[in-house]
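Model the structure of this input:
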Amino acid sequence: MKLYCATSNPGKLREFRLAAGAGWELVPLTGVPPCEETGETFEENARQKAEYYSRHSDGLLFAEDSGLAVDALGGAPGVRSARFAGDGASDAENNRLLIERVRGVEDRTARYVAVIAVAEAGKTLGTFRGEVKGVIIDDARGSNGFGYDPHFFYPPFGCTFAEASPEQKVQVSHRGRAVAAMVDWLKRT
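Below you'll find the predicted structure:
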């Protein structure tokens, strides 16, 4: 089944394709000016993006908003995860600020959150949420993944998401869980 995807992030696109599995043609939507993200929650941003981008596609489209929520930081960086250290910040800059903010903090529990919205012709048809809990560690470990993965330690694996293989990670990740829920819903509709 063909499904348009509103992302320019190659790491996310790889994870979406891996999580969806065979039988799904995920086509990145290109040539559309970016949608401004003004939502206060992951769901608001995912819906906003899906509705906007679906007006520029000729079929079903999904958009995702995701990020890291650190308990000791009141859920930050949250919806500002990609821009935690400022607009246009790199992963390294965001990670550096994260580690600065949790320095000396004992409770390092965190969770990755992803919300996917499916839309067609400007109307949201469904939303799907995935979460995974972990712990923030000071020293970056691993070269797989992207974003905060080198600092996100997942106790059941005994390693960071950046040390896990992509196939391992997608089975338990926030994004993998949200995509699985979306795929299950699409198969039933």
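
count of neighbours near the closest residue to residue 101 other than its chain neighbours?
Counting by C-beta to C-beta, 6 or more residues apart in numbering, the nearest residue to residue 101 once its immediate chain neighbours are dropped is residue 73, at 5.8 Å. The way it works is simple: take the backbone N, C-alpha and C, and place the C-beta from them, glycine included. Other residues lying near residue 73 total 17 when counted by other C-beta atoms under 10 Å.

So residue 73 versus residue 147, what's the distance?
The gap separating residue 73 from residue 147 is 16 Å, by C-beta to C-beta, to the nearest Å.

just checking, the residue nearest to residue 101 touches residue 102?
Yes - using C-beta atoms under 8 Å, residue 73 is in contact with residue 102, at 7.1 Å.

Which parts of the protein are helices?
Remark: helices assigned in the chain by DSSP state H are 10-20, 42-54, 91-102, 166-172, 174-188.

Need those helices in CSV (columns: distance to residue 159 and mean neighbour count).
As requested, the helices of the chain are arranged in CSV below (distance: least, C-beta to C-beta, whole Å; neighbours: other C-beta atoms under 10 Å):
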stretch, distance to residue 159, mean neighbour count
helix 10-20, 17, 18
helix 42-54, 25, 23
helix 91-102, 17, 16
helix 166-172, 9, 17
helix 174-188, 16, 19
